[in-house]
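1. starting from these lines, generate the structure:
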Amino acid sequence: QFVLMDGDSRKIIAILETRQQSFVKEHISGMFGRLETITQDLWAPYRSIARSCYPGAKVIADPFHVVRQFMWAFSRTRIALAKEQGVKTNRHWRLLTKRYSKLDERGKEKVMILLEANPELMAAHTAKELALEMYSCKDKALYVELLEIFKNYIDEHNLDEFQVAYKSVINWHDEILNMI
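-> Numbers count the residues shown, from 1 in each chain. Sure, this is the predicted structure:
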């Protein structure tokens, strides 16, 4: 499905039965006279449709879909560690995926016990926290600085799943800068 909504009012405008590029393009090409911004997920055909139908519009990456790349990277890493090394995190996966600064003291203690027991899990958790910090900043220059720090960190710690997420971020760099 393809859901089209007004970003200001949050009201659904249309739900199309397919996300097929030609169908979506045909359906929305004449729907609006002029758009200033288009916020979308990270699916390349949507970017292509936005650019061809509304060439003057600023395309913005949906923050949820950007952050989700890094949350998935962390979850895949955590699960791989559980399978490869028997790292037991299933009971505490919610604590591990929540932003550390949002945890209460008891939650922070539990997370630190898990992280201190496994340096690889600690590295992945730190990468997740760095990513969340990047996408919560409201300054483009700071974002670019944090992105470089993030890249160096994931290279230094050989975090393959985060490399995949990083490639997505680079592919969508302009649209992510537009969201800041």
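2. CA only for contacts and neighbour counts going forward, please
-> Noted.
3. what are the boundaries of the strands in the protein?
-> Ranges of strands in the chain, per DSSP state E, are 2-5, 12-16, 37-40, 58-61.
4. tell me which residues of the first one are tucked away?
-> Spelled out, it's strand 2-5. Leu4 (16 or more other CA atoms under 10 Å).
5. got the CA positions of that strand in PDB?
-> C-alpha atoms of strand 2-5 as PDB (Å, rounded to 0.1, in the frame of the first residue of the first chain):
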ATOM      1  CA  PHE A   2       0.900   3.600  -0.500                       C
ATOM      2  CA  VAL A   3      -0.400   6.100   2.000                       C
ATOM      3  CA  LEU A   4      -0.500   9.800   1.100                       C
ATOM      4  CA  MET A   5      -1.100  12.200   4.000                       C
END
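6. distance of Asp41 from Arg68?
-> Separation of Asp41 from Arg68 (CA to CA, to the nearest Å) stands at 10 Å.
7. repeat that for Leu16.
-> Leu16 sits 24 Å away from Arg68, going by CA to CA.
8. got it, and Asn118?
-> 24 Å.
9. and Glu120, by the same measure?
-> According to CA to CA, Glu120 and Arg68 sit 20 Å apart.
10. can you list the buried residues in the longest helix that the chain contains?
-> What stands out as the longest helix in the chain, according to DSSP state H, is helix 63-85. Buried residues in helix 63-85, counting neighbours by 16+ other CA under 10 Å, are found at 63, 66-67, 69-75, 77-79, 81.
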